[in-house]
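Asks: Please work out how this folds:
(one chain, ligands or ions: 1)
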Amino acid sequence: MKKETKLLHAGRNPENNFGIVNPPVYHASTVTFPTVDALHKADKNPTEGIFYGRMGTPTSRAFEEAIAALEGGEKAIAVQSGLAGITGAILSFVKGGDHILVTDSAYFPTKKFCNEFLSNFGIEVTYYDPMIGSAIAELMQDNTKIVFTEAPGSLTFEVQDIPAIAKVAHDHGALVMIDNTWSAGYFFNAFEHGCDISIQAATKYIGGHSDIMMGTITLREEHYKMVKTKLNVLGYCAGPDDCYLGQRGLRSLPARLSRHEENGLKLAAWLKARPEVTKVLHPAFEDCPGHEIWKRDFTGSSGLFSIVLDGKYTPKAVASMLDGLDLFPMGYSWGGYESLIIPFNPKGARQVTEWVEDGPCLRVHAGQENIDDLLEDLAKGFERLNNA
Ligand SMILES: *Cc1c(COP(=O)(O)O)cnc(C)c1O
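Replies: You can find the predicted model right below:
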């Protein structure tokens, strides 16, 4: 079955649910057992059976089954946010004295977790240039347990050579994790490219409507029980309504993503032709570092990209452009139906690579609006920018 078709059916079981199309939402903490024997049986298999609300319900298990199908992994675990997916996956595989490698282009809260939390437990973190490829071999240590990748990178969109990095990591006995949120697990198959664990903020495209917080960790059967048990000890779990909405989001994911992709490509092409814009950091455009890798490894693009403006524009001029936009509200997060924009400066967020652009940067999320309305709004914004 092709991906679009599979996503319509994954994690459903109408035959066992009165023929009702979608799985029910179980709100549950306590699960009761009629006998001591049944209680002890359930005790022995909490990661697969239905045992206690925090360990999973039929609702979370149905969602997890569908996510594993989307990502091409064997198992998935839903947690309370994308960041919890990242911290939970990392914490499951490290102990004091270990070393991990993290891309310098990682989502900033991922870096904060590494800098301000892991370091307190004696876990050493080295950042690497996202364009490093197989030269990552030089950074591997005997105690390196994880290479944490993200492709394309947050805000700056470098596309990493994941297969090359994975080969080196595996030769050294390290696991490869990827923050796969940008591709929604739809435009990039992490497992086919050498990743061992794929993490997403389901908050973004999987939910798709800016109304849930959830993360997913997709992994192989061999890691499932250990990770699920550790996450339980940490108290990580996802709420039933969010699991339901996430699963509902999956049904329309292909259709929504193709609209985000189309609008993203149109916006980026239009912006590239503007004299105010010096660079378009969209993986499908040549300006973007790793564009050739994106062409080789990805099957499409989502709606999130950045642009660099000419260095002559002041922050005040940029503010007058952004403050007056009607269809691009400013806000963090993305992946909902509407367009968004934020100004950013990568300079302070880099550990080992230098950001050389001197112009102001904007990150754009292409929503599902009519493209002509979006372009008209931006054209007026550029007028304000130039008049400021
Ligand atoms: C938003 C985001 C996260 C974190 O997700 P939350 O659900 O907000 O915790 C992680 N990685 C990337 C790339 C993101 O954009």
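
Asks: how about the nearest residue to residue 184, chain neighbours excluded?
Replies: residue 205 (3.9 Å; Cβ to Cβ, 6 or more residues apart in numbering). Where you see a C-beta, it was placed from the backbone N, CA and C, and this is true even at glycine.

Asks: What residues does the residue in the stretch 1-150 of the chain positioned nearest to the ligand make contact with?
Replies: When you check the stretch 1-150 of the chain against the ligand by Cβ to the nearest ligand atom, the closest residue turns out to be residue 82, at 2.3 Å. Residue 82 makes contacts with 181, 199-204, 213-215, as judged by Cβ atoms under 8 Å, 6 or more residues apart in numbering.

Asks: my guess is the residue nearest to residue 184 meets residue 255, correct?
Replies: No. With contacts counted by Cβ atoms under 8 Å, residue 205 stays clear of residue 255, the gap being 11.7 Å.

Asks: Looking at those two, which is more packed in?
Replies: With other Cβ atoms under 10 Å as the criterion, residue 205 and residue 255 differ in neighbour count, and residue 205 comes out ahead with 27 against 10.

Asks: what residues does the stretch 201-350 of the chain put near the ligand?
Replies: Residues of the stretch 201-350 of the chain lying close to the ligand by Cβ under 6 Å from any ligand atom are 201, 203-204, 213, 215, 333.

Asks: Can you name the two of those residues that sit furthest apart?
Replies: The largest distance within these, taken as Cβ to Cβ, falls between 215 and 333 and amounts to 12.7 Å.

Asks: Next, residue 218: secondary structure please.
Replies: Counting by DSSP: H, G, I helix; E, B strand; the rest coil, the backbone at residue 218 sits in strand.

Asks: List the beta-bridge partners for it.
Replies: Each beta-bridge partner of residue 218 is listed here: residue 76, residue 198, as defined by DSSP bridges.

Asks: neighbours around it, how many?
Replies: Counted with other Cβ under 10 Å, the neighbours of residue 218 add up to 29.

Asks: Verify the stated contact: it with residue 69.
Replies: No. With contacts defined as Cβ under 8 Å, residue 218 does not count as touching residue 69, sitting 9.7 Å away.

Asks: On the strand side of things, show who residue 177 bridges to.
Replies: Beta-bridge partners of residue 177, counted by DSSP bridges, are residue 148, residue 197.

Asks: Now do the same for the helix or strand where residue 380 lies: mean pLDDT, whole number.
Replies: Assigned by DSSP states H and E, residue 380 falls within helix 371-387. Confidence over helix 371-387, taken as the mean pLDDT, stands at 98.

Asks: What of stretch 131-149?
Replies: Mean pLDDT, taken over the full extent of stretch 131-149, equals 98.

Asks: and the end-to-end length of it?
Replies: End-to-end distance for stretch 131-149, by Cα to Cα, to the nearest Å: 11 Å.
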